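# here are the coordinates; sequence isn't available:
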C-alpha cells in the first residue's frame, strides 16, 4: 500500500521537540507578558530571547533549505510543525516561520537574483529583518489582481511608482516590501499587466498612512500611499509582467501555511470545548452528557478531521511537484470556515466565560473571522472550485479530477 498517514520518525521527533519548546520556552513568556501587560519593548526583547532559544533547540527556520540556515522541511512536515506552533500566539515568530515573512522567503528563494537573495533573503533568514507584501488596494477588489491600479513607468535606469495600498501586513518595522504594480498598459493577457519590485523601507515616496483598526484592534495591517517612488531597474523581482504569476505562486503555498496554523488553533478550541463540557455541571448532569453539547463536539471533531486530511493531501501534492491549485483552494475555503465554526461552538459551550477575555476564545474568534476573506474570499474560491468541477466533467465526462485526484 502506498498510502500511509503516519509521519516518519524524524518528523515525529521534530513535532515533539516543537511541543516541548512551546511548553518550556514560549508559553511561560506569554503568561508573563499577559500578567505584567508588557509594552512593545518588552515584547521585542522576548522575541529575541525566544529566537535564540529556537536556534539552540534546532528549530530555527524550519521551512527553508539548509544552505539558508533552515531545517529543509517540506510542506507535509511543515504541517506538523506549523499546527503545533500555532497553538501559541508567538510560536511561529519564535521559529521565524511567521506570515508574511515565510511566504516572502519562499518567493525570494525561487524568483530573486543572486544579488537580491543576498540583500533581502539572507537578512530575513537570519532574523535581522522583516518584510511585507504590498498588493491589496482599497479602490479595487483584492481578489482580482488584474484590477490593480498602482502604476509604474520606466524613467532611464529607474521605475517610478505611484499608487495606494492597504492591509499590508507587517509594513511598520519592515525593512523592505515586495510591491506589485501595473507596468503594462495593454497586455495580451490581463494576468501579464503587473510586475513585482523590491522596495527598501523607509524611502522617499513610501508613506505609512495608518495602522488600520480592525474588529480585533490594531495588528500592523497598514495603509500605504506611494508617490513618485523610485526604484532601480535591478529592483524588479522576476521578469516584467510576471507580477501576477509571482503573486499566485506565492499565495498557493501561503494559503496552505495559514491552514496549517488554523488547524492548531481549531484543535486548541476543541480541546477547550471538551474540557469545559467535562467540568461544567448544569440541570442534573455534566454538559458532556447532554446531546446538544455532544453534537457540537461531534461536528467539530469531524470538521477538524476533514481539515487535517485536506491539508496533508495538498501538502503532499506540493512536495511531489504535482498540480495543487484546486486542492489548496478547497482546503483554504474549508479550513477557514471550520475554524470559525469550531471556535464559535467552543465559546457557546463556555457561555459567558467564553465571551469574556478570561479565556483566549474571544480573541481567537476575532482573529478567525478574517480567515474567510484573506488570500481569497470564500465566494471566489467557490467560484473557481465550481468552474474546475464543470470543466472536469466537460473534458472527461466525470468530476473525478476536481475532487482531489484521489485513487477512490
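Here it is on my side, so go on. No experiment lies behind these values; they were computed from the predicted model shown. Numbers count the residues shown, from 1 in each chain.
# so the residue nearest to the spatial centre of the chain, which state does it fall into?
Of all residues in the chain, the one closest to the mean position by CA atoms, centre = their mean is residue 258, 3.4 Å from it. In terms of secondary structure, residue 258 is helix; the call rests on DSSP: H, G, I helix; E, B strand; the rest coil.
# could you check the pLDDT of the residue nearest to it when sequence neighbours are not counted?
Closest residue to residue 258 apart from its sequence neighbours, by CB to CB, 6 or more residues apart in numbering: residue 375 at 6.4 Å. In short, each C-beta sits where N, CA and C put it, glycine included. Turning to residue 375, the model gives it a pLDDT of 88.
# return the distance of residue 375 relative to residue 144.
Between residue 375 and residue 144 the distance, using CB to CB, to the nearest Å, works out to 13 Å.
# tell me which of these two has more neighbours.
The residue with the greater number of neighbours, taking residue 375 and residue 144 and applying other CB atoms under 10 Å, is residue 375; the counts read 25 against 10.
# wait, doesn't the residue nearest to the centre of the chain sit right on residue 332?
Yes - at 7.2 Å, residue 258 and residue 332 qualify as touching, with contact defined as CB atoms under 8 Å.
# the residue nearest to residue 258 contacts residue 333, doesn't it?
No - with contact taken as CB under 8 Å, residue 375 and residue 333 are classed as non-touching, separated by 10.4 Å.
# list residues touching both of these two?
Both residue 375 and residue 333 lack any common contacting residue under the criterion CB atoms under 8 Å, 6 or more residues apart in numbering.
# in the protein, what helix or strand scores lowest on average pLDDT?
For the chain, the helix or strand with the lowest mean confidence is helix 27-36, at a mean of 91 (criterion: mean pLDDT, DSSP states H and E).
# how many residues are close by the nearest residue to residue 235 once chain neighbours are set aside?
Beyond its immediate neighbours in the sequence, the residue positioned closest to residue 235 (CB to CB, 6+ apart) is residue 198, lying 4.7 Å away. By other CB under 10 Å, 20 other residues sit near residue 198.
# so residue 315 is in which element?
Element membership of residue 315, judged by DSSP states H and E, is helix 291-319.
# got the buried residues for that helix?
293, 296-297, 300, 303-304, 307-308, 310-318 (16 or more other CB atoms under 10 Å).
# what mean pLDDT does it have?
For helix 291-319, the mean confidence score works out to 97.
# what do you get for stretch 326-334?
In the prediction, stretch 326-334 has an average pLDDT of 96.
# and the contacts of that stretch?
252-253, 255-256, 258-259, 306-307, 310-311, 313-314, 317-318, 375-376, 378, 381-382, 384-385, 388, 402, 404-405.
# at 6 Å what do you get?
Applying CB atoms under 6 Å, 6 or more residues apart in numbering, the external contacts of stretch 326-334 come out as 252, 255-256, 259, 310-311, 314, 317, 378, 381, 384-385, 388, 404.
# how about stretch 340-356?
Looking at what lies outside stretch 340-356 - CB under 6 Å, 6+ apart - the contacts are 266, 269-270, 272-273, 276-277, 296, 300, 361, 364-365, 368.
# pick the one among the residues you listed closest to residue 323.
Set against residue 323, the nearest of those by CB to CB is residue 266 (26.8 Å).
# what's the helix or strand for the closest one?
Secondary-structure assignment from DSSP H and E places residue 266 in helix 243-279.
# next SSE downstream of the longest strand anywhere in the chain?
With secondary structure taken from DSSP state E, the chain has its longest strand at strand 217-232. Beyond strand 217-232 on the C-terminal side, the first helix or strand identified by DSSP H and E is strand 236-237.
# can you spell out which helices and strands pack onto that next one?
With contacts defined as 3 or more CB pairs under 6 Å, 6 or more residues apart in numbering; DSSP states H and E, the packing partners of strand 236-237 are strand 194-200.
# apply 8 Å and report the result again.
Counting by 3 or more CB pairs under 8 Å, 6 or more residues apart in numbering; DSSP states H and E, the packing neighbours recorded for strand 236-237 are helix 101-111, strand 194-200.
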